[in-house]
Structures are given as C-alpha cells and as structure tokens.
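Asks: Pasted the sequence and its predicted model underneath.
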Amino acid sequence: MPDPAAPPEPPPPPPVPPRLSRQARKSFWRTPVGVLSALLCALAALVFLAFGALGVALELGYFPDTAAVAGEDLPDRVVAMLREEGVLEAEERVLYYYSGGLFDYMEDGNLCTDRRVISYWTEEGELYVEAAAYADIVGLEVEPAEGWAFDATFHVELASGDVITLFVAGEDDGDEAFEAALRRAWGRGR
C-alpha cells in the first residue's frame, strides 16, 4: 500500500511522435499538385474578376451594348462623344441606337434620331458618316435578323438613288424596336 504522506508520482511524459519521413512532413501546398492547385485557383480568380469587371463596364456604358438601345438609355457621355465627333448635330435627339463595335462606340454605329437616319464607321483611323434627313428617304426595306445572334439589315433608299445600309442586332428584338422607331420618325419627317 502506498504511503499517504509520500508525494504523488509525476504523470508519465507524453508519448514521442514517431519520426515522419521528409515527404510526409511536407505541406500539401509545397507538393507539385499543391502548387498546380494554387496556380489554377489564382487563374480562376483572375478570370472571375475579369468577367466581373467587364460586366460592370458594360452596365456603366464603357463598352457598347450588344443589343440596340433606346436613346434615353444611351449614356450621356456617348451622346456627347457622338456630337464631338460630328456624328450628331447640336440638339439632335437619339431615338434608337446600335453599335457594332466591340470595345469602342466609334468603331461602328447605326442610329435614328428625331431628324435623320445615320450610319457611321471607322476604317484605318478615319471616321465615315452616311446620313439622310427623313424628307430625303423614299423607301425602307428591312431584312429581319435570323435570330438573336444575327443582325437585321436596313436598306434606306434616298430620292437621289443612293442607299444607306444599317445593321442592327436582333438580340432582345432590338431590330424590331429600331425599325418601329425609324418608321415613326420617317412618317413624321416626310
């Protein structure tokens, strides 16, 4: 029987962990698979951020919309740029607009205003503009878009015999809205 006055025995020391091999002690992130995983995660994050930034830029009007838009939905800075570049006249109001440009509104654009129909494009750094007052238009032929991913083609026949061709995306039925706005303005301007 143990002596009650004797000090208690100290607890045994914790067991020593077995010695691990060098490979077993490596962190996952230091292995080739871990490094590759980290790189893929970083790449996925960059792609996600890039698409997010592109979406924000599109929503804020820094890049042209992929569909035709009503004039009141066109950012004021775009209207100002069109005036500055000589596409729009002073006080001219945009009714409907479509840009075929990918990153820049000045690459390509088609619009109807309260005064006229306009098509413009930039080629080798030079801006070309074709425009006609509604009073000068004698005919309008429209080849509808064959789905949301295609453009409708508008052939605007002038009294001079010239034809102005406009292209408007079929996305969200923008080509139909553009045509309706153009026909209304043409009817008022004859």
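Replies: In hand now; what should we look at?

Asks: Helices of the protein, residue ranges please.
Replies: Applying DSSP state H to the chain gives helices spanning 22-25, 32-59, 76-84, 174-189.

Asks: Let's have the ones you listed in TSV, adding distance to residue 160 and mean neighbour count.
Replies: (C-beta placed from N, C-alpha, C; glycine too.) Formatted as TSV, the helices of the chain follow (distance: least, Cβ to Cβ, whole Å; neighbours: other Cβ atoms under 10 Å):
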stretch	distance to residue 160	mean neighbour count
helix 22-25	83	8
helix 32-59	38	10
helix 76-84	24	14
helix 174-189	16	18
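
Asks: can you list the ones you listed in TSV and add distance to residue 103 and mean pLDDT?
Replies: TSV is the format used below for those (distance: least, Cβ to Cβ, whole Å; pLDDT from 0 to 100):
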stretch	distance to residue 103	mean pLDDT
helix 22-25	50	56
helix 32-59	9	83
helix 76-84	13	93
helix 174-189	19	92
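
Asks: of these, which approaches residue 132 most closely?
Replies: helix 174-189 (10.0 Å; Cβ to Cβ).

Asks: Show me what that closest one is packed against.
Replies: Packing contacts for helix 174-189, counted by 3 or more Cβ pairs under 8 Å, 6 or more residues apart in numbering; DSSP states H and E, involve strand 69-70, strand 94-98, strand 108-113, strand 116-123, strand 137-143, strand 151-158, strand 163-169.

Asks: Ok, which of these comes nearest residue 188?
Replies: When the helices and strands packed on helix 174-189 are compared by Cβ to Cβ, strand 94-98 sits nearest residue 188, at 10.6 Å.

Asks: picking up where we left off before, make a markdown table from the helices and strands packed on helix 174-189 and add mean neighbour count, distance to residue 81 and mean pLDDT to it.
Replies: Conversion of the helices and strands packed on helix 174-189 to a markdown table gives the following (neighbours: other Cβ atoms under 10 Å; distance: least, Cβ to Cβ, whole Å; pLDDT from 0 to 100):
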| stretch | mean neighbour count | distance to residue 81 | mean pLDDT |
| --- | --- | --- | --- |
| strand 69-70 | 18 | 15 | 92 |
| strand 94-98 | 24 | 12 | 95 |
| strand 108-113 | 25 | 10 | 95 |
| strand 116-123 | 20 | 12 | 95 |
| strand 137-143 | 14 | 26 | 94 |
| strand 151-158 | 19 | 23 | 94 |
| strand 163-169 | 20 | 19 | 94 |
